[in-house]
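Visitor: Please work out how this folds:
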Amino acid sequence: MAQRKPFLLRIAPDVRAALQRWADDELRSLNGQIEYVLRQALQKAGRLKRGPEQLVADDGEGSPAAAPETESE
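Guide: So this is what the prediction gives:
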């Protein structure tokens, strides 16, 4: 798994508060929620392909990423 690189994110207080509430509802850390939202947006836009390393990604707080949907035969 690739190393994570920390960086400073400046964000409006109301956006941060909304993300924190959402993270609390989803039992994720704020960092994990931000990464989840960004990853979903990138996948939807076709800018990030789902790869094997992303299927078991971890938000660093012990909350594994959602498992991919599987098709039944």
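
Visitor: What count of nearby residues applies to Arg4?
Guide: Counted with other Cβ atoms under 10 Å, the neighbours of Arg4 add up to 11. All C-beta spots, glycine's among them, are computed from the backbone N, C-alpha and C.

Visitor: Next: Arg28.
Guide: Arg28 has 20 nearby residues by other Cβ under 10 Å.

Visitor: Which of the three states applies to it?
Guide: At Arg28 the chain is in coil, as set by DSSP: H, G, I helix; E, B strand; the rest coil.

Visitor: I'd say it and Val37 touch.
Guide: No: using Cβ atoms under 8 Å, Arg28 is not in contact with Val37, being 10.0 Å away.

Visitor: Let me know the average pLDDT across stretch 7-27.
Guide: For stretch 7-27, mean pLDDT rounds to 97.

Visitor: Now that stretch: buried residues?
Guide: 19, 23 (16 or more other Cβ atoms under 10 Å).

Visitor: ok, and what's touching it?
Guide: 29-30, 32-34, 36-37, 63 (Cβ atoms under 8 Å, 6 or more residues apart in numbering).

Visitor: okay, it in PDB with CA atoms only?
Guide: Output in PDB follows, covering the C-alpha atoms of stretch 7-27 (Å, rounded to 0.1, in the frame of the first residue of the first chain):
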ATOM      1  CA  PHE A   7      -1.000  18.100   4.000                       C
ATOM      2  CA  LEU A   8      -2.800  21.200   5.400                       C
ATOM      3  CA  LEU A   9      -6.400  21.700   4.200                       C
ATOM      4  CA  ARG A  10      -8.000  25.100   4.600                       C
ATOM      5  CA  ILE A  11     -11.800  24.700   4.700                       C
ATOM      6  CA  ALA A  12     -14.700  26.900   5.600                       C
ATOM      7  CA  PRO A  13     -16.000  26.300   9.200                       C
ATOM      8  CA  ASP A  14     -19.500  25.400   8.000                       C
ATOM      9  CA  VAL A  15     -18.200  22.900   5.500                       C
ATOM     10  CA  ARG A  16     -16.000  21.300   8.200                       C
ATOM     11  CA  ALA A  17     -18.900  21.100  10.700                       C
ATOM     12  CA  ALA A  18     -21.100  19.500   8.100                       C
ATOM     13  CA  LEU A  19     -18.400  17.000   7.200                       C
ATOM     14  CA  GLN A  20     -17.800  16.200  10.900                       C
ATOM     15  CA  ARG A  21     -21.500  15.500  11.500                       C
ATOM     16  CA  TRP A  22     -21.500  13.300   8.400                       C
ATOM     17  CA  ALA A  23     -18.400  11.500   9.600                       C
ATOM     18  CA  ASP A  24     -20.000  11.000  13.000                       C
ATOM     19  CA  ASP A  25     -23.100   9.500  11.400                       C
ATOM     20  CA  GLU A  26     -20.900   7.100   9.300                       C
ATOM     21  CA  LEU A  27     -18.600   6.200  12.300                       C
END
